[in-house]
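J.: quick one, what's the 3D model for this:
(2 chains)
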Amino acid sequence: MLKGRAFKFGDNISTDHIIPGRLAHLRSDLPELAKHVMEDADPTFACRVRAGDFIVAGLNFGLGSSREHAPLVIKMAEVSAVLAKSAARIFFRNAINQGLPLLICDTSLINDGDELEIDLKSGTVRDITSNRKLTFAKMPEVMLNILDEGGLIPYIQKYGDFRL
Amino acid sequence: MAKTLAEKILSQKSGSDAGSGDIVIARVDLAFAQDTTGPLTVRQFQAGGFQNLANPARTALFLDHAAPSPNSEQSGDHIFLRRFAQQTGCLIYDVGYGVCHQLVAESLARPGDIIVGADSHTVTAGALGAFATGMGSSDVAVILALGKSWFLVPRSIKVVVSGSFPDGVYAKDLALHLIGQIGADGATYKALEFSGDGVGSMTMAGRLTVANMAVEAGAKAGLFPADETTQQYLTSQGRGDHYQPLFADDDATYEQIVNINLAQLEPTVARPHMVDNTAKAKELKGTKIQQVFIGTCTNGRLDDIAIAADIMKGRKRHPRTRLIVAPASRQVLLASIRAGYIQTLVEAEAAILPPGCAACLGLHQGVLGRGEACLSTANRNFKGRMGSPEAFIYLGSPATAAATAIKGEITDPREVI
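T.: From the prediction side, this is the model:
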């Protein structure tokens, strides 16, 4: 069970909002890079977010670049899951490959600051603040298994190959 | 079963009869990373305990995004990647060779290939009839080691292109028009497949521009058939033997069909901060521009530089508008020199940069300051993309860029040709 506060963002949060290209020189210094997480969407996010919190966004989250540093810095901020109405496909794969749950659900009823409780197994989000319950879409089996192992590299280390 | 191009290629490479919605494991014919995604790719490869590449001759590293390196951190990344290439025997295209997607088109992509790059614009090679798609560093690291990956076979949107381009209108205008019409997530998880008599009239440079921007509609691939134009292009690159014809079946099933008549298009510009926020160039007259940037994997080819040079010939850039030109590859640079385009552009007061990604992603060579506006021939105008998050990026064709450089404000190129 995951528990934390919702940080609400709008539609079309790009990988440049999450971690802009101009910081590419920090990509081999991940702790330094991670200080800038979500900087161009909300410059106060990095200092306000606490372990376990959630990013809650609208449509097409993570559009743009293939940089896996985007989900990686979100993971390093100890965000426990990203919830969005929809997500760009490369970001989706990258998030799961980094062991970061990305859950597709109708986020319009969640407000900024709401306390959420998420059960990955049953596929439900409980908004404690508003006392609402949401369900999120099931992802393909192969992605669930990668997420279960904590990401693609541990998954491949365990199985040695892809298993469909 | 009648198949789309995506279904055909993924079926062949997975050894199965795959249709959209299926998940397959398929062989990857070419895998690559560049200097901003490569270091994490190599680290994930090492974290997986791998030492050997599945296919060193079909694995490539490109030093293009920050090349020549603007700072010691990125120099360190370049050193790291050069060492990996030396240890594993993979291909490496060092500083000055050009942008990865242009080099893949010139030297590596073959019709029917599956190509995966740690760069979202890997879709560019779809212009040659390859199923080319971007993934992140972990996925590419595993492909380097195993030579394969898992794929969700996408549903396809058929874009039927008819007619031919009017004067002053180019492939970039088609790409921007299409994205404006279907939206920045209009093709998420899907393939865009281009067909129709208008495709036959499109040059390889134009096809590369359109395929390159497929990802700006969220697409997993942007596919053109492999036809006579493809054969001529491969032959001109000394790779005629890589050609095989490849077309979608006539009765394949598509999720959606979009019809575009090229004759009805006008010069189109994407406004800040989204690629689907499009307008006609003429509607933006009066928008002052401080920097014009011509180049990138979208529009840094010989045809693009020729279009800009033809418009700039005998003219100069506006005194308050700087003009930056970066050819997409060494081959493009050399051909541009031979044709006199570089001289024309330098006489027009352009700053010429070495082949590479240059100003496109805000790392160096034309970083925008607060409040500045740029008209770029690149593919993305997200907030903060080219430097300051308080800068403004407009996207247009090389013709629109050249016209804008002359006038100092966004200009429909038909005003100056």
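J.: give me the contacts around the strand ranked longest in chain A.
T.: Criterion DSSP state E: the longest strand present in chain A is strand A:2-8. Residues outside strand A:2-8 that contact it (C-beta atoms under 8 Å, 6 or more residues apart in numbering or on different chains) are A:42, A:45, A:48-57, A:80-81, A:83, A:101, A:107, A:110-120, A:127. For glycine as for every other residue, the C-beta is placed from the backbone atoms N, C-alpha and C.
J.: switch the cut-off to 6 Å
T.: Applying C-beta atoms under 6 Å, 6 or more residues apart in numbering or on different chains, the contact partners of strand A:2-8 are A:52-56, A:80-81, A:110, A:112-114, A:116-118.
J.: how about TSV for those residues, with pLDDT and distance to B:E347 added?
T.: As requested, the contacts of strand A:2-8 are arranged in TSV below (pLDDT from 0 to 100; distance: C-beta to C-beta, whole Å):
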residue	pLDDT	distance to B:E347
A:G52	98	61
A:D53	98	57
A:F54	98	57
A:I55	98	51
A:V56	98	54
A:S80	97	59
A:A81	98	57
A:I110	98	58
A:D112	98	55
A:G113	98	59
A:D114	98	61
A:L116	98	62
A:E117	97	67
A:I118	97	62
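J.: in ChimeraX, select just the buried ones from these.
T.: Typed into ChimeraX, the line below selects the buried ones among those, using 16 or more other C-beta atoms under 10 Å in any protein chain shown:
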select /A:53,54,55,56,80,81,110,114,116,118
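J.: residues contacting B:V142?
T.: Going by C-beta under 6 Å, 6+ apart, B:V142 touches A:I156.
J.: list phi and psi for it.
T.: phi -70, psi -40 (degrees, to the nearest 10).
J.: if I look at it, how far off is A:L164?
T.: Using C-beta to C-beta, to the nearest Å, one obtains 15 Å as the distance from B:V142 to A:L164.
J.: ends of stretch B:381-389, how far apart?
T.: End-to-end span of stretch B:381-389 (C-alpha to C-alpha, to the nearest Å): 11 Å.
J.: for that stretch, list every residue counted as buried.
T.: B:381-389.
J.: list the buried ones in the longest strand of chain A?
T.: Here strand A:2-8 shows A:2, A:4-8 as buried, counting by 16+ other C-beta under 10 Å.
J.: what's the farthest-apart pair in those residues?
T.: By the measure C-beta to C-beta, A:L2 and A:K8 form the most distant pair in the buried residues of strand A:2-8, at 16.8 Å.
J.: helix or strand for the closest residue to B:S69 other than its chain neighbours, which one?
T.: Among residues not flanking B:S69 along the chain, B:S75 sits closest, at 4.3 Å (C-beta to C-beta, 6 or more residues apart in numbering or on different chains). Per DSSP states H and E, B:S75 falls inside helix B:72-88.
J.: and that helix, what other elements does it pack with?
T.: Under the contact definition 3 or more C-beta pairs under 6 Å, 6 or more residues apart in numbering or on different chains; DSSP states H and E, helix B:72-88 sits against helix B:38-47.
J.: other residues contacting the helix it packs on?
T.: A:28, A:68, A:153, B:33, B:61, B:77, B:80-81, B:84, B:118, B:137-138, B:140-141, B:144.
J.: out of the residues you listed, who's nearest A:L134?
T.: Nearest to A:L134 among the contacts of helix B:38-47: A:E68, at 27.7 Å, using C-beta to C-beta.
J.: what sits against the closest residue to the closest one other than its chain neighbours?
T.: Excluding its sequence neighbours, the residue lying closest to A:E68 (C-beta to C-beta, 6+ apart) is B:G136, at 3.6 Å. B:G136 is in contact with A:66, A:68, A:94, counting by C-beta under 6 Å, 6+ apart.
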